[in-house]
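In: The sequence isn't on hand, but the structure is:
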């Protein structure tokens, strides 16, 4: 296999391009948006597993220059009482510490790193259809241009065009919560460095972390019917504050004051997921990232799972000579883990599972593959050795 087409230049697609290039493949990324970041406002956290994946594709230095680390988590109840305070992830290793950063900054940085390594990224290339054949796969774009390769990776997100080609009946589903997020530089919330606070409120799950320069990054997850698309499109930051603050005022926590102090950077979306069991493959087409396994944001694992996808896919294609067998192995390694995350995250969002904050009562059950993940992600060993170690 000589040439891989990657559809989508977000986190999953650009990381996959970096990993595939490191594995020795020719890669071209086709991104529909004209710039490097279609979602400049949202922030996210990369967990230790995502940071470990970045290290395998030599992108740690670029990403740790962004945002700020998170090394501990505090949990409050609706009265503001502390339930727990625990280390977060692999806090002792600076390269593997959780990191809070803006999604757009991460996209732009990964794309800049790809360009630095000679990976072609074509912006403004919106996919229209795919033609799969015995000798290659051809992507047709809305500007009437085409591109042909040996394999096409669909990393084009929640509303994936590639997924419609593979599984036309699959639709993203509402996961039971509206998600608000934003920033404020004026909330008077002194916080220890590198700590995230999670509030188990009576009307919302709320979280916030304060950057070294004093900016508070916050989110709120609120159960209810999904917001209509036109309301999301037409709503203003003032609308979202007016909707959210009265709910948060019911509790004796910092949440309402933080949101009330937010300016124009208040956003909202509906938590959405892809149903488990959705087909990922058809011929020379494969889905990764949110296109394959988007989950609600309750576990905070979306970006990290996409980074895992990138490394493990590249290793499978590098180490298994037959492409079909390599993709079968990839799916065997990834599906149990990411679909467990969809289920756990969706249960939290719907209120059907409520993990306690710490200890054996504290976190959701370990995702399948957790014990063997380090071996699978480690770049040097053959992926089949990692699978054997995982199953031992």
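Out: Sure, I can see it. For clarity, every value in this text was computed on a predicted model and none was experimentally measured.

In: where exactly do the helices run in the stretch 101-250 of the chain?
Out: If DSSP state H, counting those that start in this stretch is used as the criterion, the helices of the stretch 101-250 of the chain fall at 103-116, 161-166, 229-234, 237-248.

In: most packed of those helices?
Out: With neighbours defined as mean count of other Cβ atoms under 10 Å, the helices of the stretch 101-250 of the chain peak in mean count at helix 161-166, which reaches a mean of 22. Backbone N, C-alpha and C define where each C-beta goes, glycine included.

In: rewinding a little: so can I have CSV of the helices of the stretch 101-250 of the chain showing mean pLDDT and distance to residue 175?
Out: Shown next, in CSV, are the helices of the stretch 101-250 of the chain (pLDDT from 0 to 100; distance: least, Cβ to Cβ, whole Å):
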stretch, mean pLDDT, distance to residue 175
helix 103-116, 95, 19
helix 161-166, 97, 17
helix 229-234, 94, 15
helix 237-248, 96, 18
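
In: Can I get those helices in JSON lines including distance to residue 20?
Out: Compiled in JSON lines, the helices of the stretch 101-250 of the chain are given as follows (distance: least, Cβ to Cβ, whole Å):
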{"stretch": "helix 103-116", "distance to residue 20": "10"}
{"stretch": "helix 161-166", "distance to residue 20": "16"}
{"stretch": "helix 229-234", "distance to residue 20": "35"}
{"stretch": "helix 237-248", "distance to residue 20": "39"}
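
In: Out of those, the one nearest residue 206 is which?
Out: Residue 206 sits nearest to helix 237-248 of all the helices of the stretch 101-250 of the chain, at 6.9 Å, using Cβ to Cβ.

In: can you give me how far that closest one is from the chain middle?
Out: Counting by Cα atoms, centre = their mean, to the nearest Å, helix 237-248 is centred 26 Å from the centre of its parent chain.

In: After that helix, which helix or strand is next?
Out: helix 255-260 (DSSP states H and E).

In: Remind me what the following helix or strand past that next one packs against, helices and strands.
Out: For helix 255-260, the following helix or strand on the C-terminal side (DSSP H and E) is strand 266-273. Judged by 3 or more Cβ pairs under 8 Å, 6 or more residues apart in numbering; DSSP states H and E, the packing partners of strand 266-273 are strand 173-184, helix 229-234, helix 237-248, helix 323-350.

In: Tabulate the ones you listed in CSV, adding columns for distance to residue 302.
Out: Formatted as CSV, the helices and strands packed on strand 266-273 follow (distance: least, Cβ to Cβ, whole Å):
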stretch, distance to residue 302
strand 173-184, 12
helix 229-234, 19
helix 237-248, 21
helix 323-350, 9
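
In: To residue 153, which of the ones you listed lies closest?
Out: Of these, nearest to residue 153 by Cβ to Cβ is helix 323-350, at 10.3 Å.

In: what mean pLDDT would you report for the closest one?
Out: Mean pLDDT, helix 323-350: 96.

In: Could you tell me which residues within stretch 313-329 count as buried?
Out: For stretch 313-329, burial by neighbour count (16 or more other Cβ atoms under 10 Å) applies to 313-320, 326-327, 329.

In: Residue 319 versus residue 387, what's the distance?
Out: Plainly put, residue 387 is 10 Å away from residue 319 if you go by Cβ to Cβ, to the nearest Å.

In: what's the answer for residue 45, then?
Out: According to Cβ to Cβ, residue 45 stands 31 Å off from residue 319.

In: next one: residue 199
Out: 45 Å.

In: just residue 153 next, same as before
Out: As judged by Cβ to Cβ, residue 153 and residue 319 stand 17 Å apart.

In: residues contacting the closest residue to residue 167 other than its chain neighbours?
Out: Take residue 167 and drop its neighbours on the chain: the residue closest to it by Cβ to Cβ, 6 or more residues apart in numbering is residue 279, 4.6 Å away. By Cβ atoms under 8 Å, 6 or more residues apart in numbering, the contact list for residue 279 reads 166-167, 170.

In: what about 10 Å?
Out: Shown in contact with residue 279 (Cβ atoms under 10 Å, 6 or more residues apart in numbering): 163, 166-167, 169-170, 285, 287, 292, 331.

In: same question, residue 235
Out: Residue 235 sits in contact with 227, 242-243, 266-268, where contact means Cβ under 10 Å, 6+ apart.

In: Kindly indicate which of those lies nearest residue 21.
Out: Nearest to residue 21 among the contacts of residue 235, counting by Cβ to Cβ, is residue 267 at 33.1 Å.

In: Residue 381 contacts residue 372, correct?
Out: No. Counting by Cβ atoms under 10 Å, residue 381 sits too far from residue 372 to count as a contact (11.4 Å).

In: Compare the two and say which one has the larger neighbour count.
Out: Regarding residue 381 and residue 372, a neighbour count based on other Cβ atoms under 10 Å identifies residue 372 as having more, with 18 against 15.

In: Tell me how far that one lies from residue 200.
Out: Distance from residue 372 to residue 200, by Cβ to Cβ: 32 Å.

In: Around the residue lying closest to residue 159 once chain neighbours are set aside, count how many other residues there are.
Out: Leaving aside its sequence neighbours, residue 159 sits nearest to residue 172 (Cβ to Cβ, 6+ apart; 7.1 Å). When neighbours are counted by other Cβ under 10 Å, residue 172 registers 18.

In: check contacts around residue 172.
Out: So residue 172 contacts 157-160, 163, 270, 272-275, 278, 290, 294 (Cβ under 10 Å, 6+ apart).
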